[in-house]
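>>> Mind folding the following:
(chains A and B, ligands or ions: 1)
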Amino acid sequence: MDFTFTEDQLLFQESAREFLLNEITAEKIRGLWETDSGRSDELWRQLAELGLSSITVPEEYGGLGMNELDFILIAQECGYVALPEPLVHTALVAVPTVLAISSLKDEWLPKIASGSAKVIVGLEANLLVEDAHLADLLILQSGEELHALKPEQVQLQYNQSVDPSRKLYSIDWTPSKDTLVAKGPEGRAIINAALNRGALGVAAECLGLSQRMIDLAVDYTSERQQFGKPIGSFQAVKHLMSNVAFKLEYAKAPVYRAAYALAHNLDSAAVNVSQAKFAASEVA
Amino acid sequence: MDLNYTQEQNDFRAEVRQWLATNVPADPLPSFDTEEGFQAHREWEVKLYEGRWGMITWPEAMGGRGADLLQWLIFEEEYYAAGAPLRVNQNGIFLLGPTMMEYGTEEQKKRFLNGMATGKDIWCQAWSEPNAGSDMAAIRAKAELSEDGKYYIINGQKTWSTRAVWADWAFGMFRTDPNSERHKGLSFILVPLELEGITVRPIPQLNGLPGFAEIFFDNVRVPVDCLLGEVGKGWSVAMATAGFERGLMLRSPARFQQTAKRLVELYKENQTSADRDPAVRNSVIKAYMDAEAYTLATYQTACRLVKGGKIGAESSTNKIFWSELDRDMHATAMSLLGARAELEPHAPDAAGVGSWLDGWLFAQSGPIYAGTNEIQRNIIAERMLGMPR
Ligand SMILES: Cc1cc2nc3c(=O)[nH]c(=O)nc-3n(C[C@H](O)[C@H](O)[C@H](O)COP(=O)(O)OP(=O)(O)OC[C@H]3O[C@@H](n4cnc5c(N)ncnc54)[C@H](O)[C@@H]3O)c2cc1C
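Got it, this is the predicted structure:
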């Protein structure tokens, strides 16, 4: 029994964190709201250079060959800075999905690993597909089937979210024999795996986001003065903060356990992910 | 990360399970808040000691097994799953014992540890006073050195001392420097409760049993070799007693996991009526998940400590988590039992109520003892989050 991360995993987290904190500032995120795509090619190139987009791509396809557990702390850091780029989606959803589809993996995994292409997966569980406009390849669900489509084979309709960082699209497309890449029980298995990994990613991001909210609130309440003292010295304020802090502490272990379960293909993985997502999103 | 138990850990678990299966009394012992129950629990401690299961984390030379924290968690899981008796001697083995190993003289270790281990000496804690609860530094009970320097003469009152009614010894803090204030001038002293001048007055708890007591000291002469640690340094010794690793020992997750499992069983037994309110079902699931989260987080911490890591400020979160979890689980059980919830187990229509009512009453005190949860929230805000005082 060893429920700890390795030195390497912690170092990787540390370096990702440093990069993200420097690069993904609130000003930069707001700046991106003004652009058409809302995303930055330059930033994606940098993320790829750091190896972040290729973490989960197997080594024979030019990636780092790491698993969900290696990535989980990085996903947490992505949440901490509210990274708008589809990094968590790529590492936890797109890459494993492409890897599971034999007709796609040889062509697309090396491209993902080098940062030269993005693959976006759209499942029926979600009303809309985030970042569909960035995709060089879309993998879309129709019942138990998965289809791979090029951007020119689909019509995107932008839906504005209250959060300008979210780029949401409905997709008009027609499944055909030519686009079909997985079906039946195999298709269902790939879809379920993608749902679980997606939920795990959200859970990890929620941990990071919660920590950020705590940090921002601590900074603010330590500075802001009323009645001649920082408002953070008032117990009513302290207790509100403590309530979030202790709940966050107990949401972490379920998320890491779920990442471990997925990385080791445990039978309990789906249940573990549900628990992780519930715990972490409650805190956030 | 490897969430599998090692072969050694599995073997250890099997050994514990085997021993408990042959030794745990078939019928639950009477409550240790009764005289007869106290005696029965004392005898159980002897049995544990003889099997070398009394305090497995103690060194072998002291009757333990030198077990690490992970073995401890495994032991506890088996212990609670087997429905083994509560530990009447927990103050001695989990709190005072480890503190004494750190602060005691060789002489004291020889004299006291064995009695703690065998259950011959049952210890109670004497910190709280009528005017010193959360604010423990307000302690007033005095211990003055006698003229010949051989005794501390103790005067004052302690209160809320759990299991003091039938305990043999008390440990606690007393003001040895009459001119001192707050945290200074306090000393950690061990007191035999049979000494002249001591009056123990039982306090009935909500369930009517004398679970704790007031202790009055009237010129009680305690030999100076009962001082633990340096004179005037009682505060730091006491902080070690209250320290987290011991918190982990005292409130290992097994107890809450077991309650969560029983809660799920209770839900299944009462499913038809329970499902009329979907919120009840959600509370059951939430309780189960929270108990598991507490377990996972504890394993995480234990693994870090076993590998030589340090405990961080986040450890102050555990008291709130387990006590509120315990309270919520028992509240959910009360909802599940509906109109039967308030019935004593022997009432004619009390079928299936088990010990939930007693558990619920006790769970109300979790947010109070061991440092109230308001105090814990202050600590989290100030020490973990660094908010201004
Ligand atoms: C079941 C049980 C067993 C116990 N066993 C023992 C024992 O064996 N030995 C022993 O010595 N003691 C024991 N105690 C006593 C326990 O340690 C005290 O009850 C506890 O420290 C609180 O002190 P108090 O009861 O005097 O409450 P107070 O300190 O008077 O507190 C009353 C209320 O005010 C709040 N409050 C106080 N100060 C602050 C603050 N600074 N900020 C915010 N809120 C505050 C508290 O949180 C609480 O809600 C036991 C208590 C219980 C319930």
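
>>> which helix of the chain spans the most residues?
I'll assume chain A. Taking DSSP state H as the criterion, chain A has its longest helix at helix A:184-223.

>>> ah, no, chain B please
Assigned via DSSP H, chain B shows its longest helix as helix B:278-306.

>>> Let me see the mean pLDDT of that one.
Average pLDDT, helix B:278-306: 95.

>>> With stretch B:201-212 instead?
Rounded mean pLDDT across stretch B:201-212 is 95.

>>> before we move on, back to that, just confirm yes or no for the longest helix of chain A near chain B.
Yes: using CB under 8 Å from any CB of the partner chain, helix A:184-223 reaches chain B at A:Ile214, A:Val218, A:Thr221, A:Ser222. Every C-beta, even on glycine, is put in place using the N, C-alpha and C of the backbone.

>>> Just give me the closest of those to B:Leu336.
Nearest to B:Leu336 among these is A:Ile214, at 34.9 Å by CB to CB.

>>> what packs against the longest helix of chain B?
Here helix B:278-306 touches helix A:235-263, helix A:269-283, helix B:69-81, helix B:244-250, helix B:254-269, helix B:271-274, helix B:318-337, going by 3 or more CB pairs under 8 Å, 6 or more residues apart in numbering or on different chains; DSSP states H and E.

>>> switch the cut-off to 6 Å
Judged by 3 or more CB pairs under 6 Å, 6 or more residues apart in numbering or on different chains; DSSP states H and E, the packing partners of helix B:278-306 are helix A:235-263, helix B:69-81, helix B:254-269, helix B:318-337.

>>> and the closest residue to the ligand within the stretch 1-150 of chain A, how many residues sit next to it?
In the stretch 1-150 of chain A, the residue found nearest to the ligand is A:Tyr80; the distance is 31.1 Å by CB to the nearest ligand atom. By the criterion of other CB atoms under 10 Å in any protein chain shown, A:Tyr80 has 22 neighbours.

>>> so which helix or strand takes in it?
helix A:68-81 (DSSP states H and E).

>>> For the stretch 51-200 of chain A, just list every one of the strands.
Along the stretch 51-200 of chain A, counting by DSSP state E, counting those that start in this stretch, strands occupy A:119-122, A:129-130, A:137-142, A:145-149, A:155-160, A:167-172, A:180-182.

>>> Take those and write them to a markdown table, including mean neighbour count, mean pLDDT and distance to the ligand.
Formatted as a markdown table, these follow (neighbours: other CB atoms under 10 Å in any protein chain shown; pLDDT from 0 to 100; distance: least, CB to the nearest ligand atom, whole Å):
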| stretch | mean neighbour count | mean pLDDT | distance to the ligand |
| --- | --- | --- | --- |
| strand A:119-122 | 26 | 98 | 50 |
| strand A:129-130 | 20 | 98 | 44 |
| strand A:137-142 | 22 | 98 | 53 |
| strand A:145-149 | 23 | 98 | 56 |
| strand A:155-160 | 12 | 97 | 46 |
| strand A:167-172 | 17 | 98 | 45 |
| strand A:180-182 | 20 | 98 | 58 |
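
>>> quick one, which of these is nearest to B:Ala167?
Of the strands of the stretch 51-200 of chain A, the one closest to B:Ala167 (CB to CB) turns out to be strand A:129-130, at 63.1 Å.

>>> what are the pairing partners of the closest one, and which direction each?
strand A:167-172 (antiparallel) (DSSP bridges).

>>> quick one, domains of chain B?
Domain segmentation of chain B under automatic domain parsing yields B:7-88, B:123-235, B:251-384.

>>> Mean neighbour count and distance to A:Leu123 added to those domains, as CSV?
Output for the domains of chain B, formatted as CSV (neighbours: other CB atoms under 10 Å in any protein chain shown; distance: least, CB to CB, whole Å):
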stretch, mean neighbour count, distance to A:Leu123
domain B:7-88, 17, 38
domain B:123-235, 18, 52
domain B:251-384, 18, 25
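
>>> mind checking which of those domains is nearest A:Gln76?
domain B:251-384 (14.6 Å).

>>> Assign B:Asp177 to helix, strand or coil.
coil (DSSP: H, G, I helix; E, B strand; the rest coil).

>>> distance of the residue lying closest to it once chain neighbours are set aside from B:Pro345?
Nearest residue to B:Asp177, sequence neighbours excluded (CB to CB, 6 or more residues apart in numbering or on different chains): B:Gly185, at 3.2 Å. Separation of B:Gly185 from B:Pro345 (CB to CB, to the nearest Å): 49 Å.

>>> Not counting sequence-adjacent ones, nearest residue to B:Ala240?
B:Thr99 (5.4 Å).

>>> Most proximal residue of the stretch 51-200 of chain B with respect to the ligand?
For the stretch 51-200 of chain B, CB to the nearest ligand atom, closest residue to the ligand: B:Gly133, 1.7 Å.

>>> Ok, the stretch 151-284 of chain A next?
Nearest to the ligand, among the residues of the stretch 151-284 of chain A, is A:Gln235, at 6.0 Å (CB to the nearest ligand atom).

>>> tell me the contacts of A:Pro185?
Contacts for A:Pro185 were tallied using CB atoms under 6 Å, 6 or more residues apart in numbering or on different chains; there are none.

>>> How about the one 5 residues further on?
Shown in contact with A:Ile190 (CB under 6 Å, 6+ apart): A:Ala100, A:Ala182.

>>> show me the contacts for the residue of the stretch 51-200 of chain B closest to the ligand.
Contacts of B:Gly133 by CB under 6 Å, 6+ apart: none found.

>>> next one: A:Asp2
Counted by CB under 6 Å, 6+ apart, A:Asp2 has contacts B:Asp2, B:Cys303.

>>> Next: A:Gly187.
By CB under 6 Å, 6+ apart, the neighbours of A:Gly187 are A:Glu144, A:Glu145, A:Leu146.

>>> ok, so of the residues you listed, who is nearest B:Glu194?
Out of the contacts of A:Gly187, the member with the shortest distance to B:Glu194 (by CB to CB) is A:Glu144, at 77.3 Å.
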